[in-house]
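> Using only what follows, build the 3D model:
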Amino acid sequence: SLAGQRQRAQALVDTRTAELRAREQQLAAAEQRWSFALDSSGDGVWDWDMQTDTVYFSSTWKRMLGYDDAEVGDGVGEWEERIHPMDRSVSLEALQQHLLGVTEFYRCEPRMRRQDGSWCWVLARGKVVERLADGQPSRVIGTYSDITWRKAAELELARAHGQLHGLLDAATQVSIIATDVDGLILTFNVGAERMLGYTAQEMIGRRTPECLHRRDEVEARQIELTRRYGRP
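As a prediction, the model looks like this:
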């Protein structure tokens with residue numbers, strides 16, 4: 001009887017061991033696919049174990065900032081100390097809001113210091129993937145994407161937009177009104193305010209030509225254009 005019990009127990013142990021090994025192999029394969037997908041996308045990966053307060057930074061994450069694997073440790077400070085001073089409080093607050101459960105994801109766009117001292121803009125994203133029994137977060141995984149090119153384009157566009165508005169507002173003797181393709185007023189300069197008596201605040205967002213022209217004149221113009229182009 002005892003021998004039979006031992007045999008059954010050993011068989012159960014063997015079965016459980018085989019199941020665990022199969023599960024480990026599945027997890028390893030899934031991790032390889034996950035890592036390959038992220039590396040192929042060009043995103044750097046970070047994995048924060050809050051129990052040990054250590055962070056895994058992927059090779060792509062390190063290369064993004066100009067470092068080799070051995071040049072970056074696994075402490076939280078490796079990330080925090082490289083954030084631009086003007087962006088640090090915003091980044092930490094966004095992370096704290098997610099850890100508290102206020103936001104579904106952590107998302108921020110800070111500047112990070114490269115090894116050569118220059119700065120690059122990154123899109124930082126993350127999510128709590130494990131919690132303790134009391135609900136406290138214990139593990140966070142996220143990615144970093146280099147968005148320096150996008151930020152440069154946004155800044156250039158903002159500069160050009162500012163210059164354009166400066167020119168439009170300087171043209172005080174000329175009425176300049178810009179709309180989108182549906183006729184929604186986007187720009188109403190100082191000249192338009194002086195000529196027509198409306199303020200930009202009350203006109204931007206309204207639809208033209210109805211709000212600025214006689215309906216019969218608009219209809220006459222529509223008939224003329226229909227005849228010219230052979231379509232409504």
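> for this protein, longest strand please?
The longest strand of the chain (DSSP state E) is strand 119-131.
> Each with direction, which strands does that one pair with?
Strand 119-131 has the following sheet partners, assigned by DSSP bridges: strand 106-108 (antiparallel), strand 111-113 (antiparallel), strand 137-146 (antiparallel).
> Indicate which one of those strands is closest to Gln7.
strand 137-146 (40.2 Å; CB to CB). The C-beta positions use only the backbone N, C-alpha and C, and glycine is treated the same way.
> Show me which residues of that closest one are buried.
In terms of neighbour count (16 or more other CB atoms under 10 Å), strand 137-146 has its buried residues at Pro137, Val140, Ile141, Gly142, Thr143, Tyr144, Ser145, Asp146.
> Tally up the residues packed near the closest residue to the fourth one other than its chain neighbours, please.
What it means is Gly142. Counting by CB to CB, 6 or more residues apart in numbering, Gly142 lies nearest to Gly126, which is 2.6 Å off, once chain neighbours are set aside. Counted with other CB atoms under 10 Å, residues neighbouring Gly126 total 21.
> what do you get for Gly77?
Residues near Gly77, counting by other CB under 10 Å, number 10.
> got any ranges where the protein has weak pLDDT?
Applying pLDDT under 70 to the chain flags residues 26-42.
> Tabulate the strands paired with strand 119-131 in TSV, adding columns for distance to Glu154.
Below are the strands paired with strand 119-131 laid out as TSV (distance: least, CB to CB, whole Å):
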stretch	distance to Glu154
strand 106-108	16
strand 111-113	13
strand 137-146	14
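> Asp169 is nearest to which of the ones you listed?
Evaluated with CB to CB, these place strand 111-113 nearest to Asp169, the distance being 31.5 Å.
> what sits up against that closest one?
Leu65, Arg82, Ile83, His84, Met86, Asp87, Trp119, Cys120, Trp121, Val122, Tyr144 (CB atoms under 8 Å, 6 or more residues apart in numbering).
> so the second one touches Tyr67, yeah?
This points to Arg82. No. With contact defined as CB atoms under 8 Å, Arg82 does not count as touching Tyr67 (9.8 Å).
> ok so, going back, write down the beta-bridge partners of the residue nearest to Gly142, one by one.
Applying DSSP bridges to Gly126 yields these beta-bridge partners: Tyr106, Gly142.
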